[in-house]
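Enquirer: Sequence and computational prediction follow.
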Amino acid sequence: MKIAAGAAVAMAVALPALPAAADTPDERPDVPVGTWLAARTQPAVQLTSFTYTGTVAVPTSTINQAAFNRLVEQATATVASGKISSDERSIAKWLFQQIAADVDTYLASTTPERTVEAEVGGLCTGWWVTPDGYMVTGAHCVQVGETELSQLFARQALAKFNQQDAKEIISGLRGLEADEEIVKLAQQIYVTFNTNHMQLRNLKQSLSVVQSLPGGGVDKTAKPVPAELVSVGESYPGKDFALLKVNGQQNLPTVPLGDDSDVRTGDTLYISGFPGLVTNTPFFSLESKLEPALTEGPYNAKRTTQTGVPYIQTQAPSYHGNSGGPVFSKDGKVIGMLIAGTVSENGEASESESFVLPVGIIKEKLGEKNIKPAQTTTTARYNEALNDFFRHYYSDSLPKFREVQALFPNHPYVAKYISDAQQAISAGKDESPKPILLWVLIGAGVLVAAVIVAVLAKVLRGRGRRRRHSEPSFVQPPPGAVQPPSWRQLPAGQVPPPAQGAYGQVAYGQAAYGQAAYGQAAYGQGADGYGPVAYNAGGYGAAPHGSAPDHANPQYGSAPDHGNSPYGSTPDHGKPHYGPGPYGYPAPPHGQAQPHSGEQTRAVRYGQFTPPPNDRPS
């Protein structure tokens with residue numbers, strides 16, 4: 001089967017390089033880890049808020065005159081001893097410092113009571129863990145202790161009262177012009193007193209998740225959606241975990257949970273969330289504040305609190321507002337939740353010390369409520385579409401993005417990706433490959449054709465040999481018989497004229513099968529034969545495998561229509577049946593392809609088809 005082996009080699013040469021096997025849906029394209037990871041996880045990361053509303057009531061304050069007179073006597077003695085200067089400003093500062101240090105000794109509550117309606121709250125980060133609306137965030141993102149809550153209301157609701165009370169006490173300094181230091185000391189007196197004596201009434205708490213609206217997105221429209229508190233742990237340094245539920249949800253994008261063993265010291269960690277430095281600034285639009293930020297840094301060490309709660313220390317930057325945000329490994333799986341960071345004396349966060357609650361604790365808390373993290377078609381299709389998009393397979397990504405949009409109309413990013421993919425296709429940037437099945441079918445067709453040709457060749461050669469063996473031999477006449485004319489006695493190897501002996505030597509002996517049909521032109525050495533032209537020069541993109549050009553279109557081994565002679569016969573006009581062209585018809589000029597009538601040709605380039613116009617749905 002030498003011919004079959006040659007056909008296989010020819011097919012290997014003629015076939016373009018097949019596209020590589022399709023990547024698995026979770027295999028990262030050739031883009032930076034952060035780019036890939038942010039695109040996949042951002043839809044599941046949401047801005048959360050907690051709000052307290054209530055009535056704030058504080059009494060009117062008055063000076064405890066007896067205590068204040070004793071303080072004035074102490075001030076006089078201190079001046080006499082030279083510990084403070086004798087000027088009025090120095091004495092006033094000393095008095096305010098002593099009152100601020102012990103406000104309840106020098107101030108007393110009186111009437112009337114003053115009230116104000118107030119609202120306080122905070123912003124954090126949460127992330128969907130199930131498609132039907134369960135969300136994970138930090139415990140300190142959903143509740144506040146009594147002391148901290150009072151401080152929040154005091155700062156929010158009492159500022160006006162504090163300023164009024166400070167002006168009154170300063171006015172008692174007998175015309176002394178108060179400088180900035182004296183004003184601050186006076187205000188601090190009433191910040192402390194009013195906070196200590198403040199009462200909260202009709203207190204109500206609400207939790208919400210800021211979601212995009214149908215057909216909108218983070219760059220268009222969004223609104224707070226009420227959330228229910230399902231479970232809450234202890235704030236840092238405890239197991240700082242909370243579980244929320246937003247009702248009426250389905251097909252939500254989620255992120256997968258990893259394991260504690262997925263990361264170790266030295267690995268890069270990625271934090272996603274909403275830093276308060278951006279969320280609270282007045283310079284950015286609301287839309288731009290609703291896109292989570294991604295930071296990264298190394299896993300520094302594993303820590304354990306005094307109560308035995310494990311935490312991961314990382315240098316990935318985090319800020320107020322990042323609390324509750326997921327922390328990812330490079331593989332895109334959640335390995336923990338950002339909870340806390342060290343803060344300097346002036347309240348600034350330290351970028352080198354962020355603390356992450358490990359995913360093992362998160363799984364433990366979810367298990368207590370029998371909540372099983374899950375992924376729906378929304379997330380699977382979105383991730384597949386993103387991989388296609390990043391590989392420039394824009395046509396392949398479009399139907400997947402549209403499926404995501406149909407499954408979850410509130411998706412914040414899919415509309416933008418659909419628009420970007422359409423623009424890329426219009427700009428001629430689409431590099432979507434043809435299905436591998438098409439390449440397999442084409443290659444199989446070529447191989448089958450090669451095998452058929454090899455079998456036909458073997459059969460026909462055997463038939464030719466049998467016919468040559470059955471031809472009548474020339475018998476020398478007996479003595480005295482008439483000798484044949486001299487023109488029949490030709491030297492060996494010459495072809496006799498066709499007038500006589502056509503069957504013996506001309507038709508089957510040398511011309512039809514010996515030299516022209518199989519010997520030289522069809523399979524032997526001619527430029528239009530099986531080797532250089534049929535598969536090398538004109539193979540892919542030429543006539544269909546094993547068939548003649550359009551105007552002939554015979555079956556394997558048949559002659560053109562105008563001849564239509566059986567195997568071994570010569571068609572009309574003297575054209576040989578198995579002559580120059582592949583399978584019974586003259587081959588096109590070297591290197592040129594003659595496509596089948598009505599069949600589009602495809603330019604082959606590096607194993608990928610460049611699709612003709614309208615070859616794919618828009």
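Expert: Alright, I've got the coordinates. This structure is a prediction, so every number in the text was calculated from the model and none was measured.
Enquirer: just the strands in the stretch 101-250 of the chain please.
Expert: Counting by DSSP state E, counting those that start in this stretch, the segments of the stretch 101-250 of the chain that form strands are 107-128, 134-137, 199-217, 221-232, 242-245.
Enquirer: Comparing the ones you listed, which stretch has the densest surroundings?
Expert: Comparing those by mean neighbour count (mean count of other C-beta atoms under 10 Å), strand 134-137 ranks first with a mean of 26. Bear in mind the C-beta positions are built from the backbone N, C-alpha and C, glycine included.
Enquirer: follow-up on the earlier one: what's the least confident stretch among the strands of the stretch 101-250 of the chain?
Expert: With a mean of 85, strand 199-217 has the lowest mean pLDDT of the strands of the stretch 101-250 of the chain.
Enquirer: partners of it, with directions?
Expert: Under the criterion DSSP bridges, strand 199-217 sits next to strand 45-63 (antiparallel), strand 221-232 (antiparallel) in its sheet.
Enquirer: what's the helix or strand for residue 398?
Expert: helix 394-407 (DSSP states H and E).
Enquirer: Alpha carbons of the helix or strand following that helix, in PDB - could you do that?
Expert: Sequence order places helix 414-426 as the next helix or strand after helix 394-407, per DSSP H and E. Output of helix 414-426 as PDB, limited to C-alpha atoms (Å, rounded to 0.1, in the frame of the first residue of the first chain):
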ATOM      1  CA  VAL A 414     -23.100  42.100  30.000                       C
ATOM      2  CA  ALA A 415     -24.700  44.800  27.900                       C
ATOM      3  CA  LYS A 416     -21.400  46.600  27.600                       C
ATOM      4  CA  TYR A 417     -19.600  43.400  26.600                       C
ATOM      5  CA  ILE A 418     -22.300  42.800  23.900                       C
ATOM      6  CA  SER A 419     -21.700  46.300  22.500                       C
ATOM      7  CA  ASP A 420     -17.900  45.900  22.600                       C
ATOM      8  CA  ALA A 421     -18.100  42.500  20.800                       C
ATOM      9  CA  GLN A 422     -20.300  43.800  18.100                       C
ATOM     10  CA  GLN A 423     -18.000  46.800  17.500                       C
ATOM     11  CA  ALA A 424     -15.000  44.500  17.300                       C
ATOM     12  CA  ILE A 425     -16.800  42.300  14.700                       C
ATOM     13  CA  SER A 426     -17.700  45.300  12.600                       C
END
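Enquirer: what about the protein, any weak spots by pLDDT?
Expert: 1-26, 175, 214-220, 343-352, 435-444, 446, 448, 459-460, 462-618 (pLDDT under 70).
Enquirer: With residue 130 as the reference, measure out to residue 366.
Expert: Noted for residue 366: a distance of 9 Å to residue 130, by C-beta to C-beta, to the nearest Å.
Enquirer: returning to what we had before: looking at the strands of the stretch 101-250 of the chain, which is nearest to residue 260?
Expert: Residue 260 lies closest, by C-beta to C-beta, to one member of the strands of the stretch 101-250 of the chain: strand 134-137, at 15.9 Å.
Enquirer: Which neighbouring elements make contact with that closest one?
Expert: Helices and strands touching strand 134-137, as assessed by 3 or more C-beta pairs under 8 Å, 6 or more residues apart in numbering; DSSP states H and E, comprise strand 45-63, strand 107-128, strand 242-245.
Enquirer: one more time with 7 Å, if that's ok
Expert: strand 107-128, strand 242-245 (3 or more C-beta pairs under 7 Å, 6 or more residues apart in numbering; DSSP states H and E).
Enquirer: can you list these in a markdown table and add distance to residue 231?
Expert: Formatted as a markdown table, the helices and strands packed on strand 134-137 follow (distance: least, C-beta to C-beta, whole Å):
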| stretch | distance to residue 231 |
| --- | --- |
| strand 107-128 | 13 |
| strand 242-245 | 4 |
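Enquirer: Tell me which of the ones you listed sits nearest to residue 187.
Expert: So among the helices and strands packed on strand 134-137, strand 107-128 is nearest, using C-beta to C-beta, at 13.6 Å.
Enquirer: Can I get that closest one in CSV? Just the C-alpha atoms.
Expert: The C-alpha trace of strand 107-128 is given here as CSV (Å, rounded to 0.1, in the frame of the first residue of the first chain):
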residue,chain,number,x,y,z
LEU,A,107,-22.2,70.4,84.2
ALA,A,108,-25.7,69.3,85.1
SER,A,109,-28.8,68.3,83.1
THR,A,110,-31.8,70.6,83.0
THR,A,111,-34.8,71.4,80.8
PRO,A,112,-36.0,71.7,78.2
GLU,A,113,-35.1,68.5,76.4
ARG,A,114,-33.9,68.9,72.9
THR,A,115,-34.7,66.3,70.1
VAL,A,116,-33.7,65.8,66.5
GLU,A,117,-34.5,63.0,64.0
ALA,A,118,-31.3,61.4,62.8
GLU,A,119,-30.0,58.7,60.5
VAL,A,120,-26.6,57.1,60.6
GLY,A,121,-25.1,54.2,58.7
GLY,A,122,-22.2,52.7,56.8
LEU,A,123,-21.2,51.2,53.5
CYS,A,124,-19.5,47.8,53.1
THR,A,125,-19.0,45.1,50.6
GLY,A,126,-20.8,41.8,50.1
TRP,A,127,-20.9,39.0,47.5
TRP,A,128,-23.5,36.5,46.2
